[in-house]
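Novice: next input, structure requested:
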Amino acid sequence: MEVIPTVTQREQWMVESQVFGIYNNFKELPRRAQTVLLEIVCDKHTEYLTNGLRRLPPSFCVLDANRPWLCYWILHSLALLGESIDVNLKHHVVDFLSRCQDPLGGYGGGPGQMPHLATTYAAVNSIITVGGRRALSSINRDRLYAFLQRMKDPSGSFRMHEKGEIDVRACYTAVSVASILNILDYKLVENVGDYILSCQTYEGGIAGEPGSEAHGGYTFCGLAAMILINEVHRLDLPALVNWVAFRQGVEGGFQGRTNKLVDGCYSFWQGGVFPLIQRLLRSIEEQLRIIGCRKHDNDSSKINVNLPEETRQMHSGLFEQKGLQEPPDVAKFSDVGFDFVKRSADIGPLFQNFALQQYIILCSQIMDGGFRDKPGKSRDFYHTCYCLSGLSVCQYINLETADSSPIAQEVLGPYSNLLEQTHPLYNVVLERYYSARELFSHL
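Specialist: Reported below is the predicted structural model:
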């Protein structure tokens with residue numbers, strides 16, 4: 001009986017052939033040539049990004065509703081590379097984003113466009129990346145909070161815009177913005193955890209909405225949001241870890257969903273889950289312990305009989321049938337992002353760290369500047385941003401705390417490849433986050 005390969009199989013074989021062709025050619029080169037190819041061409045990336053920030057060609061008109069995203073992708077990429085932009089260009093960026101700010105709160109995709117949670121997230125992260133009191137003070141926090149309240153849906157989730165779609169992405173962008181600006185409260189958080197929990201699938205990953213397929217971007221968004229609202233213990237963390245770990249392919253990069261092709265942007269959307277997981281090890285171990293108790297005793301009333309009261313409350317989401325669910329600790333919302341990044345990483349990386357770096361540098365990097373999805377694709381600002389973000393995750397994945405210094409052994413290629421560290425929950429450079437927190441924590 002003849003076996004006919006599917007379209008997906010043929011595409012996978014083609015990508016594997018291209019990637020392994022690159023790797024085999026690399027292995028045959030002299031060591032000096034290998035060193036050159038493993039170098040991040042920072043000057044070329046900086047030129048490509050800076051030119052994009054100054055002026056874009058007419059073909060970008062299709063992204064007119066995504067202009068704050070273009071600002072974020074470019075600015076964050078430059079910040080990761082340790083590059084700054086001149087003062088006049090900073091002023092132009094802040095002035096432009098101020099024109100995108102709606103009079104009633106939130107940011108639209110361009111001046112005069114309706115406010116949208118995605119572009120609000122991009123605009124706020126862009127302004128934090130620019131930094132400085134003038135930039136940070138341009139954000140109208142009171143009106144932005146009112147906008148977030150208007151987007152709040154009775155289901156617990158958020159709408160992306162007025163009468164817009166409801167999904168996990170909306171939960172994350174709303175919670176992330178509110179958290180980093182120090183305006184997150186119980187009104188915004190109420191029932192968000194219920195909605196995200198309903199989106200975790202049988203595979204362990206998180207879908208965009210209930211009943212959909214688990215997806216890398218939504219998994220990161222759901223996990224990060226649950227951490228920021230102090231409800232991460234409610235997720236099935238062991239299953240989530242298992243799903244994400246198996247999304248790394250033979251190429252070294254990550255796929256976004258089961259049986260899909262590798263894509264450079266998932267270097268962050270999937271790879272960025274691991275620095276979060278490393279700081280949640282104790283919660284995962286406790287869940288496994290509880291599961292073990294369940295296997296030995298089917299009586300739910302005795303599941304946690306031997307656990308201390310503090311542990312039972314911390315893992316109350318696992319025992320909803322007993323009515324143990326507690327409201328999150330509102331007093332600590334403003335400290336979650338800061339405290340979480342200060343936590344020690346109890347374990348090393350749960351993925352092939354150097355394989356991912358190799359894929360990003362050899363297969364996604366364009367030597368003339370920029371990064372791409374995979375061999376055969378063109379460079380763009382989106383993939384440049386998330387390939388660099390994933391590379392930063394790789395380089396700092398073994399740090400015990402955020403204040404530790406990375407060692408050369410964690411950086412593939414020359415040590416000059418070392419990027420700035422990104423905050424694993426917000427994906428802004430850590431130093432810029434600290435500066436913004438210093439201002440917003442007093443407001």
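
Novice: where along the chain do the strands fall?
Specialist: In the chain, the strands defined using DSSP state E lie at 371-372, 379-380.

Novice: now the first one: average pLDDT?
Specialist: Spelled out, that is strand 371-372. Across strand 371-372, pLDDT averages out at 98.

Novice: any chance of the strands of the chain in TSV, plus mean neighbour count?
Specialist: For glycine as for every other residue, the C-beta is placed from the backbone atoms N, C-alpha and C. Shown next, in TSV, are the strands of the chain (neighbours: other Cβ atoms under 10 Å):
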stretch	mean neighbour count
strand 371-372	25
strand 379-380	17
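
Novice: so which of the ones you listed gets nearest residue 164?
Specialist: The minimum distance between residue 164 and the strands of the chain falls on strand 379-380, with 24.9 Å, by Cβ to Cβ.

Novice: partners of that closest one in the sheet?
Specialist: Paired neighbours of strand 379-380 in the sheet (DSSP bridges): strand 371-372 (antiparallel).

Novice: check what pLDDT the residue nearest to residue 249 when sequence neighbours are not counted gets.
Specialist: Nearest residue to residue 249, sequence neighbours excluded (Cβ to Cβ, 6 or more residues apart in numbering): residue 262, at 5.0 Å. As predicted, residue 262 sits at a pLDDT of 97.

Novice: I'd assumed residue 374 was in contact with residue 262.
Specialist: Yes. Contact criterion Cβ atoms under 8 Å: residue 262 and residue 374 qualify, at 5.9 Å.

Novice: what do these two both touch?
Specialist: The contact sets of residue 262 and residue 374 overlap at 15, 19, 253 (Cβ atoms under 8 Å, 6 or more residues apart in numbering).

Novice: scan the residues you listed and report the most crowded one.
Specialist: Neighbour counts for the shared contacts of residue 262 and residue 374 (other Cβ atoms under 10 Å) peak at residue 253, which has 30 neighbours.

Novice: that one: what's it in contact with?
Specialist: Contacts for residue 253 (Cβ under 8 Å, 6+ apart) come out as 262, 263, 264, 266, 267, 356, 359, 360, 363, 364, 374.

Novice: and which of those residues is nearest residue 173?
Specialist: Set against residue 173, the nearest of these by Cβ to Cβ is residue 266 (18.5 Å).

Novice: can you show me the CA trace of stretch 109-121 as PDB?
Specialist: What follows is stretch 109-121, C-alpha atoms only, in PDB (Å, rounded to 0.1, in the frame of the first residue of the first chain):
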ATOM      1  CA  GLY A 109      -2.800  51.800  16.100                       C
ATOM      2  CA  GLY A 110      -2.200  55.300  14.900                       C
ATOM      3  CA  PRO A 111      -3.400  58.900  15.500                       C
ATOM      4  CA  GLY A 112      -7.200  59.100  15.500                       C
ATOM      5  CA  GLN A 113      -7.600  55.300  15.600                       C
ATOM      6  CA  MET A 114      -9.700  53.600  18.300                       C
ATOM      7  CA  PRO A 115      -7.900  52.400  21.300                       C
ATOM      8  CA  HIS A 116      -6.900  48.700  21.300                       C
ATOM      9  CA  LEU A 117      -5.300  46.600  24.000                       C
ATOM     10  CA  ALA A 118      -2.600  45.200  21.800                       C
ATOM     11  CA  THR A 119      -1.400  48.600  20.600                       C
ATOM     12  CA  THR A 120      -1.700  49.900  24.100                       C
ATOM     13  CA  TYR A 121       0.700  47.200  25.300                       C
END
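
Novice: circling back: what about the residue nearest to residue 249, neighbour count?
Specialist: Burial of residue 262 is recorded as 26 neighbouring residues (other Cβ under 10 Å).

Novice: now it: how far from residue 80?
Specialist: Residue 262 sits 21 Å away from residue 80 when distances are taken as Cβ to Cβ, to the nearest Å.

Novice: could you do residue 42 as well?
Specialist: 10 Å.

Novice: looking at the two, which one has more neighbours?
Specialist: More crowded of residue 42 and residue 80, by other Cβ under 10 Å: residue 80, with 24 against 15.

Novice: hmm, that one is touching residue 417, no?
Specialist: No. Using Cβ under 8 Å, residue 80 is not in contact with residue 417, being 11.4 Å away.

Novice: shared neighbours of these two, anything?
Specialist: By Cβ under 8 Å, 6+ apart, the residues touching both residue 80 and residue 417 are residue 391.

Novice: I'd say residue 271 and residue 351 touch.
Specialist: Yes. Residue 271 lies in contact with residue 351 (Cβ under 8 Å); the separation is 6.7 Å.

Novice: which residues does residue 58 contact?
Specialist: So residue 58 contacts nothing (Cβ under 8 Å, 6+ apart).

Novice: local confidence estimate at it?
Specialist: Note on residue 58: pLDDT of 92.

Novice: for this structure, which helix is longest?
Specialist: What stands out as the longest helix in the chain, according to DSSP state H, is helix 7-27.

Novice: now that one, how far from the centre of its chain.
Specialist: 27 Å (Cα atoms, centre = their mean, to the nearest Å).

Novice: what's next to it, contact-wise?
Specialist: With contacts defined as Cβ under 8 Å, 6+ apart, helix 7-27 is touched by 5, 34, 37, 250-252, 259-262, 358-359, 362-363, 374-376.
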